[in-house]
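**Q** pasting the sequence and the predicted model now:
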Number of protein chains: 2
Amino acid sequence: MTILAARRQNTVIGDTIARVLSRVNAITQGGPGHTRPSYSDEESAAHAVVEDEARALGLEVRRDPAGNLFARLRGGDPVAVPLYVGSHLDTVSQGGAYDGQAGVAGGLALIAALRAHGATPAMDIVLTVTRAEESVWFPVSYIGSRAALARLSPEDLQARRVDTGRSLADHMRDQGFDADAVLAHEPPAPARFLEFHIEQGPVLDAAAEPYGIVTAIRGGLRYRAARVHGAWAHSGGAPRHGRADAVAAFAELVVAMQRVWDELLAQGRDLTVTFGRVDAATPAHAMAKVAGELEFCLDMRSEDVAALDLADRLLRAEIARIEAAQPGIRFELGRQSRSQPAALSQAMADLVARGAERLGDRPRRMLSGGGHDAAAFAAAGWDSVMVFIRNWNGSHCPEEAMDEADLARAVEAVFLALAEDRT
Amino acid sequence: MTILAARRQNTVIGDTIARVLSRVNAITQGGPGHTRPSYSDEESAAHAVVEDEARALGLEVRRDPAGNLFARLRGGDPVAVPLYVGSHLDTVSQGGAYDGQAGVAGGLALIAALRAHGATPAMDIVLTVTRAEESVWFPVSYIGSRAALARLSPEDLQARRVDTGRSLADHMRDQGFDADAVLAHEPPAPARFLEFHIEQGPVLDAAAEPYGIVTAIRGGLRYRAARVHGAWAHSGGAPRHGRADAVAAFAELVVAMQRVWDELLAQGRDLTVTFGRVDAATPAHAMAKVAGELEFCLDMRSEDVAALDLADRLLRAEIARIEAAQPGIRFELGRQSRSQPAALSQAMADLVARGAERLGDRPRRMLSGGGHDAAAFAAAGWDSVMVFIRNWNGSHCPEEAMDEADLARAVEAVFLALAEDRT
């Protein structure tokens, strides 16, 4: 490739990323952060922007019954296994400017660069924009990608969105899609899937590395609506012993699970433990009352199902210990939901690494703590890989930050891998 | 006293208690529980019921500028120090059938029995029905009794009711009272004050004792709007070390303060420690996010100011320890508010005990954990005492329970003390 060609491709990648991020984020610019719920008007508006971009590139656009967008650049060899590249456009409540949309922008930039450079690869490249990846809205993982892969169940379609209380099927219909057809449709033949995504953790930023290659995605074990039942009492009238204080019992559990976490890490096990939402602030709660109720979420993740099972057993043991020590306290974990850990493709990781090498980069191989659509594709037997982009200021928050140049460099690495791979 | 006389007095006490409680609670019978906000139409309607009862007994009725009701039974000796007996009629939101109104019913029953028995004591007996005792409505303690005692400030009168956002002065005017006159009026000369009230704690019920004599009212040290600041992060992406998890830091503080509480109790100090309200359930909080913020209330109470000061120093030491161990975590306690402990009158306690002895009772001497109008009278130099009635099912809640016979027995003890004391 000439220096001039490299510059042009670089400009196309950078411009596409900047334009797509800017257009998508403009939809929800009121702030704080960006809020595009799963199967909301805001998510549909973001999809329309990307569809418009894909049509402008001359791609073959289609949607499946769940509203996932596929925009195809035909390759040189019709029997080569296609490469699907993309991510999602929904966000958590008050999310950031990169989680999801950076991967969509990166996928489109990759195809734009291949187009601009005339570097048609052997296989079809299919920009893949899923729906409803963020599981904060419905208690179901990877809704869009699993719908695409014909892996949603009728029960999943009846799950209620936490803010509206209405079903997934209803919200799909609201956005013009067909919940019944989702269950019936024929999924694409297993192929290859690549997802650019911000890391959502501090590893790359701390190491001053612009991007990394993900080899596995942690699975999760979650209690979304756990409760502590105690006894309401007067803060000044109820003595130390005899109280059944839901806040004190919850605090003991949190501290105990931090210790469990340390112990499992010391054993060399992979684990995260997060109590992300705690509600003892209902109209019944007051400064002058011992809390008789508390609601909380618990999210544990690991690349290793056995570590999750062990952490869950230790959780139950700690609860039993606290209940025995504090009569009147009863924990109710509620329904458990799980997502399975996913091993990604060694061959796909090597492909990305070859492109990176041509840029002089040696991206690290790393774990993903967050769940991603790539996990759903991997679970369905696709050769999948993710490329993580360093980010900072946290994630799932308005402050979420990323340097577009880091994403452009990662896209360029994949471009070079595919350009080398072309017919 | 003959057996017949004792039976008659008993019947009068029991009937009066039953009738007053029934009439007052009928005003707010829609449920759940009883809600008579401070300076509301409901509180005024309850006052009207009691005024009607007092007039039926032929008492001399007057109201002060704040709407407190005084209904006087003339004693035998015009220079004897009067005994004021009563409580309040407002409730918390969704409160119970006894907190406040039981003490008003008890006071009226005492006077009715003295009347019925012709047992005129030396001193005047003044049924005292205060306004606005429950500090959940306005952030001011003992509004009615402090108004009666000319201890409210102009700033207090500008405090806003939490539900309406309107000032105390405005709410007084709505109910026909005069906020300006409250600041100017001449309080009654310091005298004696007796308040019947449910215990709002488990001590008497656990000991199977119908009533007890309160020797002191705990003071409070409160942080109504404390916060933990941490860093938002992805639950699966943020490793154990480097997290600044507001929920985990808060849990450590709660557990540490339970330990501090145990240590102070072991030293023989009086203390309660309650984290009654915890909010990590805003739109920014989610299952899949490490919490970057958490808001909480802390309420500590003791009969001993030095114990509160010590607990506050230990609180700050624990916070410093947690902040040092968890970089990125910062506690912000916010404004501290205090109420002073009140020592009640030994002589008044002995008076009640003498009456009890005539019934064959030996009521325990105990602390009050909750604040009460008696604390305001004690702070103004009145010889004050409280008689606690056992209760169960908690307090400040619809389930609040009490046996009217227990209250009747306590009233009878005071009746006998006064009958003995008469001229």
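**A** The structure has been received and is ready for your questions. Residues are numbered from 1 along each chain as shown, chains lettered A, B, ... in the order given.

**Q** A:Phe70 against A:Ala54, yeah?
**A** No: in this structure, A:Phe70 sits apart from A:Ala54 without contact. The criterion is Cβ atoms under 8 Å, and the distance is 9.1 Å. Where C-beta positions appear, they are placed from N, C-alpha and C, glycine not excepted.

**Q** the closest residue to chain B within the stretch 51-200 of chain A - how many residues pack around it?
**A** Of the stretch 51-200 of chain A, the residue with the smallest distance to chain B, taken as Cβ to the nearest Cβ, is A:Gln200 at 3.7 Å. Counted with other Cβ atoms under 10 Å in any protein chain shown, residues neighbouring A:Gln200 total 26.

**Q** what's the helix or strand for it?
**A** When secondary structure is defined by DSSP states H and E, A:Gln200 falls outside every helix and strand.

**Q** I figured it hits A:Trp392, correct?
**A** No: in terms of Cβ under 8 Å, A:Gln200 does not count as a neighbour of A:Trp392; the distance is 10.5 Å.

**Q** overlap of the contact sets of A:Phe70 and A:Ala54?
**A** Shared between the contact lists of A:Phe70 and A:Ala54 (criterion: Cβ atoms under 8 Å, 6 or more residues apart in numbering or on different chains) are residues A:Val61, A:Leu127.

**Q** show me the shaky parts of the stretch 1-150 of chain A.
**A** Within the stretch 1-150 of chain A, the segments meeting pLDDT under 70 span A:1-9.

**Q** report how many residues lie close to A:Arg62.
**A** A:Arg62 has 11 neighbours, counted by other Cβ under 10 Å.

**Q** hmm, I typed the wrong one, I wanted A:Pro283.
**A** Other residues near A:Pro283 number 7, with proximity taken as other Cβ under 10 Å.

**Q** and A:Arg115, by the same measure?
**A** One way to gauge burial is a neighbour count; for A:Arg115, by other Cβ under 10 Å, it gives 16.

**Q** circling back to that earlier point, pLDDT score for the residue of the stretch 51-200 of chain A closest to chain B?
**A** As predicted, A:Gln200 sits at a pLDDT of 90.

**Q** stretch A:166-175 - what's its average pLDDT?
**A** Stretch A:166-175 comes out with an average pLDDT of 97.

**Q** buried ones in that stretch?
**A** Residues of stretch A:166-175 classed as buried: A:Ser167, A:Leu168, A:Ala169, A:Asp170, A:His171, A:Met172, A:Gln175 (neighbour count, 16 or more other Cβ atoms under 10 Å in any protein chain shown).

**Q** so in chain A, which helix runs the longest?
**A** With DSSP state H applied, the helix covering the greatest number of residues in chain A is identified as helix A:3-26.

**Q** could you point out which element follows that one?
**A** In N-to-C order, the element after helix A:3-26 by DSSP H and E is helix A:41-56.

**Q** how about the residues of the stretch 1-150 of chain A near chain B?
**A** By the criterion of Cβ under 8 Å from any Cβ of the partner chain, the positions of the stretch 1-150 of chain A lying close to chain B are A:Pro32, A:Val92, A:Ser93, A:Gln94, A:Ser135, A:Val136.

**Q** let me have those residues in JSON lines, extended by neighbour count and distance to B:Gly371.
**A** Formatted as JSON lines, the entries for the residues of the stretch 1-150 of chain A next to chain B read as follows, by neighbours: other Cβ atoms under 10 Å in any protein chain shown; distance: Cβ to Cβ, whole Å:
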{"residue": "A:Pro32", "neighbour count": "13", "distance to B:Gly371": "39"}
{"residue": "A:Val92", "neighbour count": "28", "distance to B:Gly371": "43"}
{"residue": "A:Ser93", "neighbour count": "22", "distance to B:Gly371": "39"}
{"residue": "A:Gln94", "neighbour count": "21", "distance to B:Gly371": "39"}
{"residue": "A:Ser135", "neighbour count": "24", "distance to B:Gly371": "46"}
{"residue": "A:Val136", "neighbour count": "24", "distance to B:Gly371": "42"}
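
**Q** how about the residues you listed, which pair is most distant?
**A** Every pair in the residues of the stretch 1-150 of chain A next to chain B was compared (Cβ to Cβ); the two farthest apart turn out to be A:Pro32 and A:Ser135, at 21.2 Å.

**Q** quick one: the residue nearest to the spatial centre of chain A from A:Ala342, how far?
**A** Central residue of chain A (Cα atoms, centre = their mean): A:His372, 3.9 Å from the mean position. To A:Ala342, A:His372 is 9 Å away according to Cβ to Cβ, to the nearest Å.

**Q** anything in contact with each of those two?
**A** Taking Cβ under 8 Å, 6+ apart as the contact rule, A:His372 and A:Ala342 both touch A:Ile217.

**Q** just give me the neighbour total for A:Ala248.
**A** Neighbour count for A:Ala248, taken as other Cβ under 10 Å: 27.
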